[in-house]
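**Student:** Sequence first, then the predicted structure, then my questions.
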Amino acid sequence: MERSREDRPSDLVAALARARSPERPGPDTPAGTPVRAWPERPLPIPRAGPAELDLAALLRLSLAASDASGRLRPAPSAGALHPVDAELVVGAGCSLPPGRYGYDPLRHRVHHVGLPSDDTPPGMTAELSVTARRSMSHYGHRAWPLLLLDTGHAAAALFLAARALGAGTPEARLDGRTENPLAVVRVPPPEVQSPTPPADGPGIPEPSGGPPTPAELLARRSTTPPLPGAPSREALRAVLATAEGADAGHLLRWCAAVGPPRPGLVQLAPDGTTLRRYAAGEARPTLAAWAAGQAWIADAGAVLLAYGCPADADTAHIRRAHLRAGFAVHLAHVTARRHGLAARPVGSWQQADLGAALGAAPDRDWVVHALALGTRHADEENPT
């Protein structure tokens, strides 16, 4: 389906520069409908037969809303505005007949929108795009980085749902080369293996400990601040290793800000099994100021940081960096929960030139995404 003009920024480079500036958004505007106006009547998703890909379960574990407001979903979203839309290209071996379908995550229904092409592969391919108005209604000019990060999180949610269900080997395309769709996730039927993923795809990353269970995915929630308590070095190492492993091609760099007794930035050592000190000094208050003034970050136990995406990056690079950051932070969130940590993604960053703050060349290493961490046990979380 054709996207509206506001869903395709005329200049993403300029949009990112403005989002990184100290300019504040204006008053909130109407968010519009929470679901795209798909044509045709809504259809239930049939039960899967033997050896079929269970699309109802896959979508329930990844994109479906679990409350009447539509806010609570397995994939996080800035402001719980959920701008990501999914169009499903269904081939053979699925619980739906072959065709193109628009997905309604509030009603957990699909709308038939077209026929499949002759070369549609077996399984399901989810094409992810955004309705920008939903996020712009609150974040204004700061919305576009958040829209891309949300899309990366949605791609990771689909990827992990496929792993949890034992489907064929999934693959995600997060190369940033197209604006519609922004990302694509292909899930083959069980017992069907995909070809070797392209070099610019994320391969088969896993959270620490292997594929998730369905219960883990449904239980994922962003912890309500505050997030006190320093994670153990082993937990922090596992979270960093998961994020780096999911960042195919190492487009971004990763570190974590920690507090006393030795405040500073730590990163994964080259051996991948230990942490090393990257910079000394307390960074969390500065991060709180950079993250739209969210003061609670200054007291978080630790903050995982993805940084890079220089000021002169082109449109494809910007898309790719933010999509991969959202994808990697999503997997790192699962690892954090497995280590008993509370966690909350943080996506809005202004004047967050980490490289310049550390004395390196300016405009090269900007904070792109983050995951705040604390030691409050997952059972004590308040879902958001």
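**Tutor:** Received it, and whenever you're ready, just let me know what you need. Residues are numbered from 1 along each chain as shown.

**Student:** Okay, and the residue nearest to residue 87 when sequence neighbours are not counted sits in which element?
**Tutor:** Spatial nearest neighbour of residue 87, excluding adjacent residues (Cβ to Cβ, 6 or more residues apart in numbering): residue 127 at 4.7 Å. Every residue, glycine included, has its C-beta placed from N, CA and C. For residue 127, the host element (DSSP states H and E) is strand 124-130.

**Student:** Following that strand in sequence, what is the next regular element?
**Tutor:** Next element after strand 124-130 (DSSP H and E): helix 132-139.

**Student:** Check which helices and strands that following helix sits against.
**Tutor:** Under the contact definition 3 or more Cβ pairs under 8 Å, 6 or more residues apart in numbering; DSSP states H and E, helix 132-139 sits against helix 143-165.

**Student:** Which residue ranges of the chain form helices?
**Tutor:** Remark: helices assigned in the chain by DSSP state H are 12-19, 55-60, 132-139, 143-165, 214-219, 233-246, 284-290, 315-338, 354-357.

**Student:** domain parsing for this protein?
**Tutor:** Using automatic domain parsing, the domain parsing of the chain gives 5-26+40-219, 233-380.

**Student:** can you tell me which residues contact the residue most central in space within the chain?
**Tutor:** With distances taken as Cα atoms, centre = their mean, residue 153 lies nearest the centre of the chain, 1.8 Å away. Applying Cβ atoms under 8 Å, 6 or more residues apart in numbering to residue 153 gives the contacts 75, 76, 77, 326, 327, 329, 330, 345.

**Student:** hmm, back to that, what comes up buried for the strand holding residue 127?
**Tutor:** 124, 125, 126, 127, 128, 129, 130 (16 or more other Cβ atoms under 10 Å).

**Student:** Run me through the strand neighbours of it, direction for each.
**Tutor:** strand 84-90 (antiparallel), strand 183-187 (antiparallel) (DSSP bridges).

**Student:** of all these, which lies closest to residue 54?
**Tutor:** strand 183-187 (10.3 Å; Cβ to Cβ).

**Student:** who touches that closest one?
**Tutor:** Under Cβ under 8 Å, 6+ apart, the answer for strand 183-187 is 53, 58, 121, 123-128, 151-152, 154-155, 158-159, 162, 167-168, 170-174, 194, 323.

**Student:** Any quick ChimeraX command for the buried ones out of those residues?
**Tutor:** To isolate the buried subset of the contacts of strand 183-187 in ChimeraX, counting by 16+ other Cβ under 10 Å, use the following:
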select :53,58,121,123,124,125,126,127,128,151,152,154,155,158,159,162,167,168,170,171,172,173,174,194,323
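
**Student:** avg pLDDT for stretch 42-62?
**Tutor:** Averaged across stretch 42-62, the pLDDT comes to 97.

**Student:** My error: substitute stretch 146-154 in the last question.
**Tutor:** pLDDT averaged over stretch 146-154 gives 98.

**Student:** Show me the shaky parts of the stretch 101-250 of the chain.
**Tutor:** Across the stretch 101-250 of the chain, the ranges flagged by pLDDT under 70 are 192-203.

**Student:** if I look at the residue nearest to residue 87, how far off is residue 154?
**Tutor:** 11 Å (Cβ to Cβ, to the nearest Å).

**Student:** anything in contact with each of these two?
**Tutor:** residue 86.

**Student:** Am I right that residue 169 is in contact with residue 191?
**Tutor:** No - contact between residue 169 and residue 191 fails when scored by Cβ atoms under 8 Å: they sit 10.4 Å apart.

**Student:** more crowded one of these two?
**Tutor:** Shown here are residue 169 and residue 191; by other Cβ atoms under 10 Å, residue 169 has more neighbours (17 against 10).

**Student:** measure stretch 52-63 end to end?
**Tutor:** 20 Å (Cα to Cα, to the nearest Å).

**Student:** repeat for stretch 250-269
**Tutor:** End-to-end distance (Cα to Cα), stretch 250-269: 15 Å.

**Student:** Ok, stretch 111-131 next?
**Tutor:** Across stretch 111-131, the terminal residues are separated by 17 Å (Cα to Cα).

**Student:** For that stretch, what is the distance to the chain centroid?
**Tutor:** 21 Å (Cα atoms, centre = their mean, to the nearest Å).

**Student:** again, but for stretch 43-53
**Tutor:** On Cα atoms, centre = their mean, the centre of stretch 43-53 falls 27 Å from the chain's centre.

**Student:** Could you give me the buried positions within that stretch?
**Tutor:** 45, 48, 52, 53.

**Student:** got CSV for these, with distance to residue 185 too?
**Tutor:** As requested, those are exported to CSV (distance: Cβ to Cβ, whole Å):
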residue, distance to residue 185
45, 17
48, 18
52, 18
53, 13
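
**Student:** hang on, isn't residue 40 packed against residue 114?
**Tutor:** No - using Cβ under 8 Å, residue 40 is not in contact with residue 114, being 9.9 Å away.

**Student:** now the residue lying closest to residue 326 once chain neighbours are set aside: how far from residue 123?
**Tutor:** Nearest-residue entry for residue 326: residue 152, 2.3 Å, with adjacent residues in sequence omitted and distances by Cβ to Cβ, 6+ apart. Distance, residue 152 to residue 123, by Cβ to Cβ: 21 Å.

**Student:** One more: residue 282?
**Tutor:** With Cβ to Cβ as the criterion, residue 282 and residue 123 are 49 Å apart.

**Student:** which non-adjacent residue is nearest residue 258?
**Tutor:** residue 302 (5.0 Å).

**Student:** Against residue 275, how distant is that neighbour?
**Tutor:** Taken as Cβ to Cβ, the span from residue 302 to residue 275 is 11 Å.
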